[in-house]
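Enquirer: Kindly return the folded structure for what I paste below:
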Amino acid sequence: MFDSLSNKLQKVFRDLRGLGKISESNVSDSLREVRMALLEADVNFKVARDFIESVKQKALGQEVVASVQPGQQIIKIIHDELVALLGSENAALRVSGNPASIMMVGLHGSGKTTSSGKLARLLHKQARTPLLVAADVYRPAAMDQLATLGRQLDIPVFVKPGEKDVLVIAREALAHAAATQRNTLIFDTAGRLQIDEPLVQELVRLRDFVQPQEILLVLDAATGQEAVNVATHFDQALHITGSVLTKLDGDARGGAALSLKAVTGRPIKFVGVGEKLEDFEPFHPERMASRILGMGDVVSLVERAVEQVDLDEAMKLEEKMRRGQFTLEDFAGQLRQMKKLGSLESLVSMLPGAGEIKPEQISRQEKEFRRMEGIINAMTPAERRNPSILNARRRLRIAHGSGVKVSEVNNLLLKFNQMQQAMKKMGKLQKLMSRMGGKLPPGMRM
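Expert: From the prediction side, this is the model:
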């Protein structure tokens, strides 16, 4: 979502790094470009103005540290101000009650029902026992969707088809939660195409009856500044406790994320970063600021890897690599594991300097990975375990089966052979290092 903004800011940063000294003139020139980048990203103009003014005052009042280049100091000020703009720190969910209640509110089409399911999954992983409550009495499809999500997640859903009184549903859901020992209720409420008085009054009645610890407003990040206007209206009516931004993996400009906290005073608590149920994460302002500024977000990448990757399998695979026993079957397994982490674009965006990599390069590499997986899948188990048996006839069959040219099959096998040789050398080097107390030989220290 922030690609365009990130690229423009990184261009400004390249100019700042060469700055010999800080003066009002060169600071103003650089910040003018930053302001234009923020406005083009659909950031609220008052928010952009205040942000630039704050950065300018701090930059001009900053005492230059001898060991740090002036441009680097301005970059740090911009980073710190961006963190403050996004909310300073992660706003944790308050679910200490038993039962705790969470109301999910928002307009129709914002991703409210899916976000309810994603949140239930997250809470379940945190050892809570959630109960999803279908409180949209106007749209039967929403109840069906929530029930489907519940089955996928193996999380119970309270549905009362035909009931039009949301307070009756809430009362019976609370009783059901007590009877089945569910300690967190997530109410998926009704939405509208636009805010109207009947919707607001129904949500107010439900809030007053349930008295939830959290009222989370689900917003489609792709709607830009309109999301900020919607948040303001809902907050005035319900006093929301925070928001959930969906579709943050889309190609919108991202102004809503940067304006929301400053305009409403309410923190962003979660973000949806994809269509899968696991594509849902707590919002960390500092990590998001680092991503926007092209500094990466290695912490989130590691957390995602820990959640998705089987550590026992990873250790077994590492041992195979050391012994030079890595097969095409293992390689295909690695490709599948990587897909679990998300799209290649989302992974690359978490690495420092990601803005230097062109989107078409990432897209090309992702297609290459899919093609490689298709070629390996077209092989028999024996061929995957022992590629040396792949003669010309077998390679032709594999090419036809995977829809590629024989030359692409040959190229994959060549790369795999080179990788195997490199792994064998690494294994030998590691053994040598362990014999020498973990130190490299003198001739190899360079």
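Enquirer: measure H108 to R139 for me?
Expert: Noted for H108: a distance of 8 Å to R139, by C-beta to C-beta, to the nearest Å. Where you see a C-beta, it was placed from the backbone N, CA and C, and this is true even at glycine.
Enquirer: With K276 instead?
Expert: Following C-beta to C-beta, the distance that separates K276 from R139 is 23 Å.
Enquirer: When those two are compared, which one has more neighbours?
Expert: R139 (14 against 11; other C-beta atoms under 10 Å).
Enquirer: tell me the contacts of the residue nearest to that one when sequence neighbours are not counted?
Expert: Nearest residue to R139, sequence neighbours excluded (C-beta to C-beta, 6 or more residues apart in numbering): A190, at 6.9 Å. By C-beta atoms under 8 Å, 6 or more residues apart in numbering, the contact set of A190 is 135-139, 142, 166, 199, 202-203.
Enquirer: rerun that using 10 Å as the cut-off
Expert: A190 is in contact with 105-106, 108, 112, 135-139, 142, 166, 198-199, 202-203, 206, counting by C-beta atoms under 10 Å, 6 or more residues apart in numbering.
Enquirer: how close does it get to T184?
Expert: Taken as C-beta to C-beta, the span from A190 to T184 is 21 Å.
Enquirer: Quick one: classify the residue lying closest to D165 once chain neighbours are set aside as helix, strand or coil.
Expert: Nearest residue to D165, sequence neighbours excluded (C-beta to C-beta, 6+ apart): V137, at 7.5 Å. Following DSSP: H, G, I helix; E, B strand; the rest coil, we place V137 in the coil state.
Enquirer: Need the pLDDT of V137.
Expert: In this model, V137 is scored at 88, pLDDT.
Enquirer: How many neighbouring residues does it have?
Expert: Neighbour number of V137 under other C-beta under 10 Å is 20.
Enquirer: Kindly report the same for the one 10 residues further on.
Expert: A147 has 17 neighbours, counted by other C-beta under 10 Å.
Enquirer: What are the phi and psi values at the residue nearest to it when sequence neighbours are not counted?
Expert: Nearest non-adjacent residue to A147, counting by C-beta to C-beta, 6+ apart: V157, 5.0 Å away. Main-chain dihedrals, V157, degrees, to the nearest 10: phi -130, psi 130.
Enquirer: Just to check, V157 is in contact with I169?
Expert: No. V157 lies out of contact with I169 (C-beta atoms under 10 Å); the separation is 11.9 Å.
Enquirer: quick one: the strands in this structure?
Expert: In the chain, the segments counted as strands under DSSP state E are 100-105, 130-135, 157-158, 184-189, 214-220, 242-246, 268-272, 280-282.
Enquirer: could you redo the ones you listed as TSV and give each row mean neighbour count and distance to A392?
Expert: Formatted as TSV, the strands of the chain follow (neighbours: other C-beta atoms under 10 Å; distance: least, C-beta to C-beta, whole Å):
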stretch	mean neighbour count	distance to A392
strand 100-105	25	59
strand 130-135	28	57
strand 157-158	24	56
strand 184-189	26	58
strand 214-220	25	54
strand 242-246	27	51
strand 268-272	24	49
strand 280-282	18	49
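Enquirer: Tell me which of the ones you listed lies nearest to N411.
Expert: Taking C-beta to C-beta, strand 280-282 is the member of the strands of the chain nearest to N411, at 36.8 Å.
Enquirer: and the gap between the closest residue in space to G117 that isn't next to it in sequence and G109?
Expert: Nearest residue to G117, sequence neighbours excluded (C-beta to C-beta, 6+ apart): L149, at 3.5 Å. Distance of L149 to G109, computed by C-beta to C-beta: 17 Å.
Enquirer: quick one: contacts for the closest residue to P212 other than its chain neighbours?
Expert: Distances taken as C-beta to C-beta, 6+ apart place S101 nearest to P212, at 4.0 Å, with adjacent residues excluded. S101 makes contact with 95, 131, 133, 170, 173-174, 177, 184-187, 206-207, 209-215 under the criterion C-beta under 10 Å, 6+ apart.
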